[in-house]
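Model the structure of this input:
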Amino acid sequence: MIRAGRLKYVQTMSDLADALGKKLVTVRNQKPYAAEGHPAPISSPTSRALLWDAEQTKAFYAGKPVPALPAEDDDEDLLDRHEAAALLGVSVKSWNKYKSDKDVAAGMVLVPKASDDSDKDMAAGAGPVPKADGTEHWPRRLVLAYKNQRPGRGAGGGRREGSGDMIPRDQILPRIAELLDDNPAITVEAVSDTLGITKFPTAQTGLATLRGRRIADLVEAQPGLDPKDAAIQLGYPTATHRGAIAIAERELGARSAKPYLQHTADFLAAAGIAKQAEVEMRQPDGEHIAAAVPLDTDQPAAALVWDSRYGWRTSTSRRHPIGKATDTPPEGEGIRYLGSGLRPEPEELLAALRDGRKGSKRPKAGMEHSGSED
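Coordinates of the predicted model:
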């Protein structure tokens, strides 16, 4: 997060490159910020746009002691969408809806971030990419105020008289998350009774999903921690472990695949055939992982799609490249499976895309059964 009063010291990767007298693409490739002792980013761990405190990096590169940042939370701390969602105990997807609240939207602060279409990247042959305007942040006080005034919390909360037994679908997980915050061992019955939702599958699925995600968060924060031990640390009842751990393992699989997919997407953008964008992970069937990279209109396909079972393939749809969940590999006109395995090097993928003679109409034999790598 950006601590209160330190917005003026925010340093993007482009700013860091300027301070070091290097090209942005060089800094991205060499990653000097990964050196031992280098000040940690002030952006959240899950944010794609890395940010640092300029006073800290200046001291580090000058060989001086790195000044500590304020440790105590302040109402004026600026939180990105990941941090705001975590403060509410909801998913980032939910926060993306909540941020449209008029008070929250009015207090949003846009923090500039590095632009991948800078002269530095273009000079390095990366190709033009649309410029990003900045990363959205919100003062802690606004997020807390929104949390305190949400329906179902405090005086006047709960379902309105005559409103029936249902709550909006996009509110279900956030509301369950609040109950889970208060009582990690809460039962399906208690969630159902409190929120007025069905026990099965709504309350049961929601509880398992949130517990699974939080187990995954803890395992990531404590490398080497067994998911079962994470469930115990979080205070989840033994009867819930199996389902929650299965979800956590799928979540961890998606997270482990993302660096490779983002690296590939960045490579294709640098090659000038795709737009620079953050890869979004999908689970169309609730189990297997998929992601799409939209390509420029002058390319031989609308998009490239990666599936944890089949690897990379082309897609003819730019709007819905992944398509509906299927038990068999998608086939048809315009679909080619590319690469020698589930995770081919980006160079191999690019060469196969450009050469219409390469690829196949269906995945290579055995590929469907190798998705467990992810």
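
Okay, Ala302 and Gln283: tell me how far apart.
22 Å (Cβ to Cβ, to the nearest Å). Using the backbone N, CA and C atoms, a C-beta is placed for each residue, glycine as well.

More neighbours: these two, which one.
Counted by other Cβ atoms under 10 Å, Ala302 and Gln283 do not tie: Ala302 has more neighbours, with 20 against 15.

who's in contact with the more buried one?
The contact partners of Ala302, taken as Cβ atoms under 8 Å, 6 or more residues apart in numbering, are 294-295, 314-318, 321.

want to try a markdown table for these, with distance to Ile335, secondary structure and pLDDT as columns?
Output for the contacts of Ala302, formatted as a markdown table (distance: Cβ to Cβ, whole Å; DSSP: H, G, I helix; E, B strand; the rest coil; pLDDT from 0 to 100):
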| residue | distance to Ile335 | secondary structure | pLDDT |
| --- | --- | --- | --- |
| Pro294 | 16 | strand | 95 |
| Leu295 | 14 | strand | 96 |
| Thr314 | 6 | strand | 97 |
| Ser315 | 7 | strand | 96 |
| Thr316 | 7 | coil | 94 |
| Ser317 | 10 | coil | 94 |
| Arg318 | 14 | coil | 89 |
| Pro321 | 11 | coil | 94 |
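
Narrow those to just the buried residues.
294-295, 314-315, 321 (16 or more other Cβ atoms under 10 Å).

Closest one of these to Arg175?
Ranked by distance to Arg175 (Cβ to Cβ), these are led by Pro321 at 32.3 Å.

was I right about that closest one contacting Ser315?
Yes. In this structure, Pro321 is within contact of Ser315 by Cβ atoms under 8 Å, at 4.0 Å.

hey, what's in contact with both of the two?
Counting by Cβ under 8 Å, 6+ apart, the residues touching both Pro321 and Ser315 are 292, 302-305.

Let's see which of the residues you listed end up in strands.
The strands, defined by DSSP state E, take in 292, 303-305 from these.

can you list the domains in the chain?
Domains of the chain are assigned by automatic domain parsing as 7-144, 164-236, 257-373.

For Ile247, find the nearest of those domains.
Per Cβ to Cβ, nearest to Ile247 of the domains of the chain: domain 164-236, 2.7 Å.

quick one: that closest one to chain centroid distance?
19 Å (Cα atoms, centre = their mean, to the nearest Å).

What mean pLDDT does that domain get?
The average pLDDT for domain 164-236 rounds to 89.

With stretch 149-160 instead?
44.

Next: stretch 344-358.
95.

Show me which residues of stretch 250-269 are buried.
Going by 16+ other Cβ under 10 Å, stretch 250-269 has these buried residues: 250-255, 257-258, 260-262, 264-269.

what ranges do the helices span in the stretch 101-250 of the chain?
Secondary structure of the stretch 101-250 of the chain by DSSP state H, counting those that start in this stretch: the helices cover 102-106, 119-123, 140-149, 169-182, 188-195, 204-221, 227-233, 241-270.

Need the residues that contact the first one.
What that stands for is helix 102-106. By Cβ under 8 Å, 6+ apart, helix 102-106 touches 98-99, 138, 142-143, 145-146.

can you do 7 Å?
98-99, 138, 142, 146 (Cβ atoms under 7 Å, 6 or more residues apart in numbering).
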